[in-house]
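Enquirer: Attaching a predicted model along with its sequence, questions to come.
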Amino acid sequence: MPDMNPHKTPMPEQAPEVRSKNFDEVALGYTEELAKREAARCLHCKNQPCVGGCPVGVHIPDFIRSIAQGDAEGAYHTIRLTNSLPAVCGRVCPQENQCEKNCVRGRRGDPVGIGRLERFAADWHMKHGRDEQYKVEKNGHKVAVVGSGPAGLTCAGDLAAMGYSVTVFEALHAAGGVLMYGIPQFRLPKEIVQREIDSLRRQGVKIETDMVIGKVLSVDELFENAFEAVFIGTGAGLPRFMNIPGEGLVGVYSANEFLTRVNLMKAYRQDYDTPILKPKKVAVVGGGNVTMDAARTALRLGAETVSVVYRRAEEQMPARREEVHHAKEEGVIFDFLSNPVKIHGDENGRVASIECIHMKLGEPDSSGRRRPIPIEGSNFSLPVDCVVMAIGNSPNPLIRSATKGLEANERGCIVVKDNTMETTREGVYAAGDAVSGAATVILAMGGGKDAAKSIDRYIRAKS
Amino acid sequence: MFPILKKRRLNDSMTLMVVRAPLIARKAHAGQFIILRVNEQGERIPLTIADYDREQGTVTIIYQIVGKTTLLLDQLNEGDSILDFVGPLGKPSHLEGYQNAAVIGGGAGCAIAYPQAKTLHARGAKVDIIAGFRTKDLIILEDEMRAASDRLFLMTDDGSNGHKGFVTDALKKNIEAGAGYDLVVAIGPLVMMRAVCNLTKKYGIKTIISMNPIMIDGTGMCGGCRLTVGGKTRFACVDGPDFDGQEVDFDEAIRRSRTYSEMERKSAQEFKCRLLEEAKNA
């Protein structure tokens, strides 16, 4: 009989006043006992609505059954059948909009904590599991994957499992893309990302860092080097600015730069050489998950006050509720319905304050959200010594502009056929933020998965 | 890992390294840059490519020792390897179609100005090189620059080589004397490039400069290298590093270049002390 408790088993986490001063992971994960208790809440519905909500189709009830029976290792291997990065997804997927949204238990009370259980299985495996033996017979075909973020790693993992020889090319010195440079340590420890990548390496995936495709090698040259298909998962790496006066002042960061300095380059650690300003009063502009990450990172670097400046109301914020909740608990201040108009500097060209204007909501715009309209004469200033612009990214144009026959839309996103992820150039596939514009890790993984299937079909048909 | 095949000290604070990086050498063009990292805890720093040899598969860099990273780099010797070496990044210089150029280098900037002069000279343009150094002992690449130019003007701030003055003094004199330049290329400290651009603007001479701002990835991702050029935000790593110097907001670039200078100074000082300590104990 399922456990009919309407509430999710709470997951232990660091207390807000403690965690806001360290970079350790906030959520501590279920113990075996807690995991079993939560797993017992699953009704094992015949039609499995949860699976339909998962972009990579994880066999959710099956793995939950294994956990309930005390077989965490079995649960991990079930997840791993369709998901190359379980420890990552268990932490950063927006489950509330996906699997858990479809959970029948959610109609009366909380849905089953699918994400927490996934994380438990993945962490259990990392601690106690046997090194998986995914030895697959090679089929003699070579595929190149450009970019080692969630889309690229998933595509590479799936192709390797089918027998392809896969080489992943990464521009930075470490693989992982946004998982390494973007998402903070306290939400996704980098050791965990590395473990997942090591697991792909054991599976036979080759990863070449320091390789900027489009510069050091072109897509044409990849084909000349006997790669039969190319997957592009180069992400949405071009930071947007507001084009307001003062964005060139010292102390204005893009969220990408701020987070990369801290996450990839470990500026928060004494033993690393990466410099970063240690601001006291910070404004983070935006309303997405990256905004929350930047705000919470600023707190951990020692900021006394951190304000999120967002032009719409709280209800319209695209950030996950959980992230907003965590940020509030930690003391992040929210200035909703406010929009920056100018950043003021001191005599040395350093940020001194940010001038904003109050907004009200008008008619819905093309995104379906009510359009923010400035209220004349309502300007106000926040004294700050640092501003982080977290208002989104555009797809990186580097590979697109260096590759003939690769079409992009007016927003710079690579054009692909739905489901097959074929680009306008034969043998070239793309997915993730490079196609969709900034979205989520799991959507990128879903796209990478679809691309892997298409690449397999394409190469089979050809040979 | 990228092996160092040759290391040559050019003066007290500048070093030339020839690094084995065949893939980069195959694609490199004048004006592009690489990013390197010396060790796992180290920074990523951009350096403009000073030369390359496609057959030998090598890339030459010239660096001035300013902070901890360049100090660390300078600890490496022939036979050692650089951990990360990425490139070629940025856009190649466009120096086609000019007949009569003044190429100006300031200090370490001469390392980059020299290959530009060489390219222009090889294309048949008349080339004057104006190179400025603080003092005589710091002069680098004198023979090379002489070979790559029709006339070489070596200036020192203190006059120790007999030619006291700034590069702008020599440039102004040449222009006034009717040199008839159709292009000025200026590479060096930001204040020098600003002074050159202010001067050439008066004479209406097209001026190309090479920017070397703070950056992390070099592929357009971090936005740290942004500049205001002609009133618009541009990224030096993907839109440059060469820009029309008369359009660049130098005051902003100078301020931004100093973002971490205090930390850089402190970190370099601590590292030097550690090296001294180690040398004493050795």
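Expert: Nice, thanks for sending it over.
Enquirer: If you count neighbours, what's buried in the helix or strand harbouring B:Leu152?
Expert: Following DSSP states H and E, the helix or strand that holds B:Leu152 is strand B:151-156. Using 16 or more other Cβ atoms under 10 Å in any protein chain shown as the test for burial, strand B:151-156 gives B:Leu152, B:Phe153, B:Leu154, B:Met155, B:Thr156. C-beta here means a position set from N, CA and C on the backbone, and glycine is covered the same way.
Enquirer: Also stretch B:134-153?
Expert: Under the neighbour-count rule (16+ other Cβ under 10 Å), stretch B:134-153 has B:Leu138, B:Ile139, B:Ile140, B:Leu141, B:Glu144, B:Met145, B:Ala148, B:Ser149, B:Leu152, B:Phe153 buried.
Enquirer: Likewise for stretch A:379-393?
Expert: Taking 16+ other Cβ under 10 Å as the criterion, stretch A:379-393 shows A:Leu382, A:Val384, A:Asp385, A:Cys386, A:Val387, A:Val388, A:Met389, A:Ala390, A:Ile391, A:Gly392, A:Asn393 as buried.
Enquirer: pretty sure the last one is touching A:Pro239, no?
Expert: Yes - taking contacts as Cβ atoms under 8 Å, A:Asn393 lies within contact range of A:Pro239: 5.5 Å.
Enquirer: Give me the common contacts of these two.
Expert: With contacts defined as Cβ atoms under 8 Å, 6 or more residues apart in numbering or on different chains, the residues shared by A:Asn393 and A:Pro239 are A:Asn256.
Enquirer: From B:Phe133, how far out is the most centrally placed residue in chain B?
Expert: By Cα atoms, centre = their mean, chain B has its centre lying nearest to B:Gly109, at 3.8 Å. According to Cβ to Cβ, to the nearest Å, B:Gly109 stands 10 Å off from B:Phe133.
Enquirer: before we move on, what about B:Asp242?
Expert: Separation of B:Asp242 from B:Phe133 (Cβ to Cβ) stands at 23 Å.
Enquirer: Could you do A:Ala255 as well?
Expert: 41 Å.
Enquirer: now do A:Lys190
Expert: Counting by Cβ to Cβ, the gap from A:Lys190 to B:Phe133 is 44 Å.
Enquirer: Looking at those two, which is more packed in?
Expert: Regarding A:Lys190 and B:Phe133, a neighbour count based on other Cβ atoms under 10 Å in any protein chain shown identifies B:Phe133 as having more, with 24 against 18.
Enquirer: residues touching that one, list them.
Expert: For B:Phe133, counting by Cβ under 8 Å, 6+ apart, the contacting residues are B:Gly107, B:Cys110, B:Ile139, B:Ile140, B:Leu154, B:Met155, B:Thr156, B:Asp157.
Enquirer: for the chain, which spans come out with low pLDDT?
Expert: I'll assume chain A. For chain A, the stretches with pLDDT under 70 are A:131-134.
Enquirer: quick one, what contacts the nearest residue to A:Glu363 once chain neighbours are set aside?
Expert: In space, and not counting its chain neighbours, A:Glu363 is closest to A:Arg371: 6.0 Å by Cβ to Cβ, 6 or more residues apart in numbering or on different chains. A:Arg371 is in contact with A:Leu361, A:Gly362, A:Glu363, A:Pro364, A:Asp365, counting by Cβ under 8 Å, 6+ apart.
Enquirer: just checking, what packs against the longest helix seen in chain B?
Expert: Once chain B is assigned using DSSP state H, the helix that runs over the most residues is helix B:261-281. Helices and strands touching helix B:261-281, by 3 or more Cβ pairs under 8 Å, 6 or more residues apart in numbering or on different chains; DSSP states H and E, are helix B:68-75.
Enquirer: For the lowest-mean-pLDDT helix or strand in chain B, which outside residues touch it?
Expert: For chain B, the helix or strand with the lowest mean confidence is helix B:261-281, at a mean of 89 (criterion: mean pLDDT, DSSP states H and E). With Cβ under 8 Å, 6+ apart as the test, helix B:261-281 has contacts from A:Asp273, A:Pro275, B:Val66, B:Gly67, B:Lys68, B:Leu71, B:Leu72, B:Gln75.
Enquirer: Verify the stated contact: the fifth one with A:Asp273.
Expert: Which is B:Lys68. Yes - with contact defined as Cβ under 8 Å, B:Lys68 and A:Asp273 form a contacting pair (5.9 Å).
Enquirer: Give the residues shared as contacts by these two.
Expert: Counting by Cβ under 8 Å, 6+ apart, the common neighbours of B:Lys68 and A:Asp273 are B:Glu43, B:Ser267.
Enquirer: Kindly report the residues of chain A close to chain B.
Expert: Where proximity means Cβ under 8 Å from any Cβ of the partner chain, the interface of chain A facing chain B comprises A:171-173, A:181, A:209-212, A:215-217, A:237-239, A:241, A:243, A:247-250, A:253-254, A:256-257, A:260-261, A:264-266, A:271-275, A:277, A:348-349, A:396-398.
Enquirer: Thanks again, I'm all set now.
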